[in-house]
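>>> from the sequence below, what's the structure:
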Amino acid sequence: MPVGVDEPIEISEYDPRWATWYAHDAAELRGALGKRLRELEHFGSTAVTGLAAKPVIDILVSPVEWPLAGSDQKAIEALGYEYLGEAGVAGREYFRRRTEHSTNLAVVEWGGALWNDNVVVRDYLRARPDAAARYAEAKRQAWQQGARTLLSYSSSKSSHVASLLADARQWRGCSEP
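As a prediction, this is how the structure comes out:
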């Protein structure tokens, strides 16, 4: 894991500005990557209306060329994103930008397990307010119990996320990525 990946986190109640921030960031990425971009998706908790979240916009980015081309990495970095390699997740290129609002990019292969799993969890949480409420409670509990940095927070809620993914796959009607 790169040294600079861990950082302090907070949990915020849903903020309607998150959708606007995503739209802004997505437009920047589309402009920078142009025809080299296959697809973008807003994912993670900030993509689910009403869900408490780390106030960080998470964007799934799928370039046309996979693995990520050096020219695409440079185009993303030119927007002010810091490249952090896989950051502990095989098959993902991780970027982050901390400016007026915070954004993380998960650059992954379109249609691969990381793409599909992140989209199905988002869609499940959007469709199932009861599941979103349970997830919000698990997040608040992790934070209240002292998981105040990204790595400890992620570790603290990992079993809940695994269960959530299994439920989302079953809801979607698939057992595997």
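
>>> from here on, contacts and neighbour counts on C-alpha atoms
OK.

>>> residue 49 versus the residue nearest to the spatial centre of the chain, what's the distance?
Central residue of the chain (Cα atoms, centre = their mean): residue 58, 3.6 Å from the mean position. Taking Cα to Cα, to the nearest Å as the criterion, residue 58 is separated from residue 49 by 14 Å.

>>> also residue 59?
16 Å.

>>> quick one, what contacts residue 109?
Counting by Cα atoms under 8 Å, 6 or more residues apart in numbering, residue 109 makes contact with 62-63, 66-67, 91-92, 115.

>>> how much space between it and residue 144?
Distance of residue 109 to residue 144, given as Cα to Cα: 35 Å.

>>> ok, residue 116 next?
Taken as Cα to Cα, the spacing of residue 116 relative to residue 144 amounts to 31 Å.

>>> same question for residue 111.
With distances taken as Cα to Cα, residue 111 is found 36 Å from residue 144.

>>> residue 89 too?
Residue 89 sits 26 Å away from residue 144 when distances are taken as Cα to Cα.

>>> with residue 129 instead?
Per Cα to Cα, residue 129 is found 22 Å from residue 144.

>>> so between the two, which is more surrounded?
residue 129 (15 against 11; other Cα atoms under 10 Å).
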